[in-house]
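Engineer: Need a 3D model of the sequence below.
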Amino acid sequence: MDTRDNASRTLLSHLNSLRDAGVRYVALGGASAYASHDNLNGQGEFGGSIAEPGPPVSATSTSTTLPATQRTSDEAKPPVPRLEVLPAPALSLPTKEDTMPPAKGSARPKDPPPLPFDPEEEMTLPELNGAIEGCTRCQLGHGRTNLVFGVGNPDAELVFVGEAPGRDEDAQGIPFVGRAGQMLTRMIENVIEIPRGDVYICNVLKCRPPGNRNPEPGEIDCCEPYLHKQLEIIRPRLIVALGKFAAQFLLATQIPIGKLRGKFGRYRGIPTLATYHPAYLLRNSSQKKVVMGDLLRMKAVLNGETEPVAEIYS
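Structural biologist: Reported below is the predicted structural model:
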């Protein structure tokens, strides 16, 4: 291994030991300061003297002549000889966090950019849509064709929340208009037996992820306030969470969708039923009967025939 690498590791280990002992700064001397061990006078094995926290580097004197008061003080403390070297700037020891490598596969979190609206302000859905239509708080905003806000009755008693727009939704700016949207329409009109226009439909994300990949945590963080505000404006009686990401987000849980499906939880006091996403049913037709049972349970609650008993807790 390179001798310089060994020296660097030894120096870092020594600095860490000093830091753990409570030392915050070290002043390093010139080359002559460590010419021999006898010249160290017990001050440290790397030719530096342990110093108390002092002025910043820019304020450290570099004059070869010390002020009179300091010379008098130095001369009053024999017998330790002083090395004829320029005073070195104080070196701040690294913190433990600075010397630790970042966790594998993780990055330092960054705060999302400011919201384009005041979350405390009273708004209508069109006003909220107008406020966020130019959003670029995350990377998805730079690649979208259209922001997909939501569609339906602004006074709906029932809201369906999916995870993110797909290709057709990105092209039209309307949620659930592709094949999965056609499946959702049949679920609403044939099972719950109400017109699609009577409910409200939206997604957790308002922009399409490239290639319809899964939403990333930072993207959900950026869109989260938009969905919260939508649901605050609508104030539905019931919510249906479609798929893993919508269910886990609304119910504040990491329970897999297979265990969440068919159960009621609560989103800010609103009964919320988790079920499979329509796109999942297109790939797994055997699960249609299971989802039909979930929707019939929702229908009974919507019609006042039964009460939604919470079975999921965050």
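Engineer: tell me the domain ranges of this structure?
Structural biologist: 3-99, 125-302 (automatic domain parsing).
Engineer: worst average pLDDT in those?
Structural biologist: Across those, domain 3-99 has the smallest mean pLDDT, namely a mean of 44.
Engineer: what about the helices in the protein?
Structural biologist: Secondary structure of the chain (DSSP state H): helices located at 3-20, 68-75, 96-99, 125-132, 167-172, 179-186, 217-234, 244-250, 257-260, 278-283, 288-302.
Engineer: for these, which one ends up most surrounded?
Structural biologist: Of the helices of the chain, the one with the most neighbours on average (mean count of other Cβ atoms under 10 Å) is helix 244-250, at a mean of 23. C-beta here means a position set from N, CA and C on the backbone, and glycine is covered the same way.
Engineer: tell me what that helix is packed against?
Structural biologist: strand 158-162, helix 217-234, strand 238-242, helix 257-260, strand 270-275 (3 or more Cβ pairs under 8 Å, 6 or more residues apart in numbering; DSSP states H and E).
Engineer: residues making contact with the fourth one?
Structural biologist: When you say that, I think you mean helix 257-260. 241, 243-244, 247-248, 251, 253, 274, 276, 312 (Cβ atoms under 8 Å, 6 or more residues apart in numbering).
Engineer: Among the helices and strands packed on helix 244-250, which comes closest to Cys135?
Structural biologist: Of all the helices and strands packed on helix 244-250, helix 217-234 sits nearest to Cys135, with 7.9 Å by Cβ to Cβ.
Engineer: which residues touch the residue nearest to Thr145 when sequence neighbours are not counted?
Structural biologist: Nearest residue to Thr145, sequence neighbours excluded (Cβ to Cβ, 6 or more residues apart in numbering): Asp170, at 4.8 Å. By Cβ under 8 Å, 6+ apart, Asp170 lies in contact with 144-146, 148, 207-208.
Engineer: Select from the residues you listed every entry located in strands.
Structural biologist: Using DSSP state E, no member of the contacts of Asp170 sits in strands.
Engineer: Tabulate the residues you listed in a markdown table, adding columns for distance to Glu133 and neighbour count.
Structural biologist: Below are those laid out as a markdown table (distance: Cβ to Cβ, whole Å; neighbours: other Cβ atoms under 10 Å):
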| residue | distance to Glu133 | neighbour count |
| --- | --- | --- |
| Arg144 | 11 | 18 |
| Thr145 | 13 | 14 |
| Asn146 | 9 | 16 |
| Val148 | 11 | 26 |
| Cys207 | 11 | 27 |
| Arg208 | 15 | 24 |
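Engineer: measure Tyr200 to Ile233 for me?
Structural biologist: 10 Å (Cβ to Cβ, to the nearest Å).
Engineer: Overlap of the contact sets of those two?
Structural biologist: The contact lists of Tyr200 and Ile233 share Pro154, where a contact means Cβ under 8 Å, 6+ apart.
Engineer: re earlier: looking at the contacts of helix 257-260, which one is closest to Arg283?
Structural biologist: Tyr276 (10.1 Å).
Engineer: what's the burial count for the nearest residue to Lys263 once chain neighbours are set aside?
Structural biologist: Leaving aside its sequence neighbours, Lys263 sits nearest to Glu311 (Cβ to Cβ, 6+ apart; 4.1 Å). Neighbours of Glu311 under the rule other Cβ atoms under 10 Å: 12.
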